[in-house]
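J.: prediction below, plus the sequence it came from.
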Number of protein chains: 10
Amino acid sequence: MLFHVRMNVSLPASMPADDAAKLKADEKALAQRLQEQGKWRHLWRIAGQYANVSIFDVDSVDELHALLTSLPLFPYMQIEVMPLCRHPSSIRSDDR
Amino acid sequence: MLFHVRMNVSLPASMPADDAAKLKADEKALAQRLQEQGKWRHLWRIAGQYANVSIFDVDSVDELHALLTSLPLFPYMQIEVMPLCRHPSSIRSDDR
Amino acid sequence: MLFHVRMNVSLPASMPADDAAKLKADEKALAQRLQEQGKWRHLWRIAGQYANVSIFDVDSVDELHALLTSLPLFPYMQIEVMPLCRHPSSIRSDDR
Amino acid sequence: MLFHVRMNVSLPASMPADDAAKLKADEKALAQRLQEQGKWRHLWRIAGQYANVSIFDVDSVDELHALLTSLPLFPYMQIEVMPLCRHPSSIRSDDR
Amino acid sequence: MLFHVRMNVSLPASMPADDAAKLKADEKALAQRLQEQGKWRHLWRIAGQYANVSIFDVDSVDELHALLTSLPLFPYMQIEVMPLCRHPSSIRSDDR
Amino acid sequence: MLFHVRMNVSLPASMPADDAAKLKADEKALAQRLQEQGKWRHLWRIAGQYANVSIFDVDSVDELHALLTSLPLFPYMQIEVMPLCRHPSSIRSDDR
Amino acid sequence: MLFHVRMNVSLPASMPADDAAKLKADEKALAQRLQEQGKWRHLWRIAGQYANVSIFDVDSVDELHALLTSLPLFPYMQIEVMPLCRHPSSIRSDDR
Amino acid sequence: MLFHVRMNVSLPASMPADDAAKLKADEKALAQRLQEQGKWRHLWRIAGQYANVSIFDVDSVDELHALLTSLPLFPYMQIEVMPLCRHPSSIRSDDR
Amino acid sequence: MLFHVRMNVSLPASMPADDAAKLKADEKALAQRLQEQGKWRHLWRIAGQYANVSIFDVDSVDELHALLTSLPLFPYMQIEVMPLCRHPSSIRSDDR
Amino acid sequence: MLFHVRMNVSLPASMPADDAAKLKADEKALAQRLQEQGKWRHLWRIAGQYANVSIFDVDSVDELHALLTSLPLFPYMQIEVMPLCRHPSSIRSDDR
């Protein structure tokens, strides 16, 4: 099942640079692992913003929530989830 | 170049059923042609809404606008475009 | 899987009373069938509004979308879907 | 009487981890006690957010307010309350 | 129990003047009956708008909904309900 | 003249508990004095929120503003004022 | 007492040109009479919009409402009222 | 040329009282000088808010921006500017 | 003086195609004349929308309003005006 | 390709004046270099706000994002990007 996820990141100005760098590195490592597993199907930067649009491919809403809350940047993100389904005009039976 | 496009469709209640059916069939035919050409990369239905989220892959903003305004349902859609770019944590150099 | 669905109904003032009555009767019949099947778990009226809050229990987003778009009032409703999951403080493993 | 309650939680970044853990444990204990008493009928996590949708079953608005303001996380929550009533298409005389 | 109700009225421009006058007269008659019964405690016009702020005093949310949907203008109103309770700084144990 | 006033209170998390308690006590004392004088006609808590809906009965807008800005919590409140007038369907010539 | 009033006008596309012209002429005549009486202190067009910002100087909210609802364009306007008072930095005791 | 300017002021809670008093005194002195010069034509307090509605009379947008940014409270204000022009129903050729 | 103008066009579905074509042709002719005169400095289409962003260069707000309201599509447009001024980091003394 | 970019700047009140001055000087230097290269085609101040409207002329969305995120003030700005294209009524084939 596919979910459209938008994440807006906002780190507090007072966070030490090292902490921020560590968080981002951990976030990147996990994001890449989830992409390799096919859970995080697409990951795009929104131009001009510290934000992304992502497509997740999971077996359940519980799995989606577990993945999102495991992200190191989760406490600093505003997240919006939109469930997607097959579009009748799609040429793919499974547009992932 | 990738663009995130959200289309909300709203046909007037007064439109004759045949006209609506014709419009939708034409829309579907063109949508599928554009998908086959690789211009319309992804097309998902938003659950519970007469709306979609799409990813377009075009050479320029002018091309994007020409494609969108050529859609038979264009006069009945509210469209929002968001330019996307490569995310530094993506595992793909070209996530289409 | 549970989904929180809010439906706001808005029938055009020009719809003949008989058509509206027929639509509502059909909607009620289907709504009750879906409740009996356990797909439509809860259905509450929002006080003072021609609107409801519902909880759907489905196997997939595609199933949810198919159910919602099969509702006779679907063309006259604005629908918002929010995916739910288990809350860590819930006393039920399966709060339906 | 049923009330639909949405709670968005936002702990200040500066709160010491121990204080946060204590608050959450207290919140969980009280939430579970209220569920066991049947006052807090449903409690669901909204996917991707530190937020919940709940259904409360109380005798009065005053009781509802007393319950909500007794929650340890109350000072850190934005809460919206929506009164619910029986839906004419519900198959239950008392959909709790 | 007290509920704060805001009603915005919007009659379609195409409604014949006689129908509108009849609706308003019926609405007024019922509104006054409910005030005399003490159900509709306060009724104020919002300056410059075809809208009112009202305070209802009812035994349950179901009763409130029944009253509101019985209003002749109900199909032409946008209604928002907000449950009220005793304020700790009020000098009245029962501020109606 | 009547004015509908909504006050949302938001004390900074960093305010010492004693200061907050003092502010609230002073606010309560003044609120009660104004109620006794008939200036602050109604004062209701909005369920689930640190907010109130109030009805003020004053001789002028200047008097209203003087009262509101004299409140100890004024610097911590977001206030919205809506002028009210007699509703033609009210059964009272003076619904205070 | 001064009130800041914003009026947005929206005539239905289906209104015959003569009716619209008559409405506007009547509106203008009354607007000018009220200006001459000093009730309608200022009347400015908002650039690029069929809308105005006005300052009314009235003895009560009831008078303000009576004036606004007597305007021929009232049924076609969305109106927002904001009560004004003396600013402590104003050089005028009575800035009308 | 006239511009409608709304200023919402928000001083940080951490600002020392003396600094705030100094800022406000400087702001008042400059506001009064600009009023005496006829640049700041009107200045009204919005009831219940630390905000004002003002009318500026300047020769150009650049002059308006220079005046606004010279205000001592400028860094603490959210400002919205709306260009005004003569209203065809105004009885004044120059309603300042 | 420069003004940033956003125009959203919305023709009623019921407008005959010939009328719409005539309106658009007249609009285009006037838009081009104003561009040639240097009054309408820039005119860009917003991708995916029947809307434009424009830069006008006029001597006064009154002139701007006269130009905008003279546009044949004016009754069918929602227009927002934002006054611009020289940016201190611009390399041009006069960025038109 | 042209992009319409709006930047709202918000420096934290706690930033030392020297740091702010340094940031602004660096921002100005880079902004001017990008203008000289023709990448940053227009840069206007929005009257009354610490904000600008800009037109960027870039070869791709990736280039646009790289430019915007290289700005020293980027961490303190809220940025909105809107893709532009040729307007059919423009008198220029290339309105930059």
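T.: Alright, I've got the coordinates. Since the model is a prediction, treat every value here as computed from it, not as a measurement.
J.: how near is the closest residue to chain J within chain A to J:L23?
T.: Scanning chain A for the residue nearest chain J gives A:G48, at 4.1 Å (criterion: CB to the nearest CB). Every residue, glycine included, has its C-beta placed from N, CA and C. A:G48 sits 18 Å away from J:L23, going by CB to CB, to the nearest Å.
J.: what does A:E63 give?
T.: Using CB to CB, one obtains 43 Å as the distance from A:E63 to J:L23.
J.: got it, and A:R45?
T.: As for A:R45, its distance to J:L23 is 23 Å (criterion: CB to CB).
J.: ok, these two, which is more surrounded?
T.: More neighbours sit around A:R45 than around the other of A:R45 and J:L23, counting by other CB atoms under 10 Å in any protein chain shown; the figures are 22 against 18.
J.: for that one, which non-adjacent residue is closest in space?
T.: The shortest distance from A:R45 to any residue other than its chain neighbours is 4.3 Å, reached at B:H87 (CB to CB, 6 or more residues apart in numbering or on different chains).
J.: for that neighbour, give me its contacts.
T.: Each residue near B:H87 by CB atoms under 8 Å, 6 or more residues apart in numbering or on different chains is listed here: A:L43, A:W44, A:R45, A:N52, B:D95.
J.: what's the average pLDDT for the helix or strand containing the fourth one?
T.: Which is A:N52. Under DSSP states H and E, the secondary-structure element containing A:N52 is strand A:51-57. The average pLDDT for strand A:51-57 rounds to 98.
J.: does chain B have contacts with it?
T.: Yes. Judged by CB under 8 Å from any CB of the partner chain, strand A:51-57 and chain B are in contact via A:N52, A:V53, A:I55.
J.: direction included, what does the longest strand along chain A pair against?
T.: Here the longest strand in chain A is taken by residue count, with DSSP state E as the criterion, and it is strand A:77-86. The sheet places strand A:77-86 alongside strand A:2-9 (antiparallel), strand B:40-46 (antiparallel), with pairing taken from DSSP bridges.
J.: for those strands, give me TSV that also has mean pLDDT.
T.: Output for the strands paired with strand A:77-86, formatted as TSV (pLDDT from 0 to 100):
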stretch	mean pLDDT
strand A:2-9	98
strand B:40-46	97
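J.: pick the most deeply packed of those strands.
T.: The highest mean neighbour count among those belongs to strand B:40-46 (a mean of 23), with neighbours defined as mean count of other CB atoms under 10 Å in any protein chain shown.
J.: okay, now the residue in chain A positioned nearest to chain E: neighbour count?
T.: Of all residues in chain A, the one sitting closest to chain E is A:E80 (24.0 Å; CB to the nearest CB). Neighbouring residues of A:E80 were enumerated by other CB under 10 Å; the total is 13.
J.: what's the answer for A:A17, then?
T.: The number of residues packed near A:A17 is 7, by other CB under 10 Å.
J.: now it. Its backbone dihedrals?
T.: Backbone dihedrals for A:A17, given as degrees, to the nearest 10, come out at phi -60, psi -40.
J.: pull up the gap between the closest residue to A:D26 other than its chain neighbours and D:A31, please.
T.: Counting by CB to CB, 6+ apart, A:P72 is the residue found nearest to A:D26 once chain neighbours are left out, at 4.2 Å. When CB to CB is applied, the distance between A:P72 and D:A31 equals 27 Å.
J.: then A:L43?
T.: For A:L43, the distance to D:A31 equals 35 Å [CB to CB].
J.: picking that back up, of all the contacts of B:H87, which comes closest to chain F?
T.: Distances from those to chain F were compared by CB to the nearest CB; the smallest belongs to A:N52, at 29.7 Å.
J.: and the closest one, what does it touch?
T.: Remark: with contacts taken as CB under 8 Å, 6+ apart, A:N52 is in contact with A:R6, A:M7, A:L43, A:W44, A:R45, A:I46, B:H87.
J.: in the next helix or strand along the chain from the strand holding A:N52, what counts as buried?
T.: Along the chain past strand A:51-57, the next helix or strand (assigned with DSSP H and E) turns out to be helix A:61-69. Using 16 or more other CB atoms under 10 Å in any protein chain shown as the test for burial, helix A:61-69 gives A:V61, A:D62, A:E63, A:L64, A:H65, A:L67, A:L68, A:T69.
J.: turn the residues you listed into TSV, including pLDDT and distance to H:M15.
T.: Supplementary listing: the buried residues of helix A:61-69 in TSV, determined by pLDDT from 0 to 100; distance: CB to CB, whole Å:
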residue	pLDDT	distance to H:M15
A:V61	97	46
A:D62	96	47
A:E63	98	48
A:L64	98	44
A:H65	98	41
A:L67	98	43
A:L68	98	38
A:T69	98	37
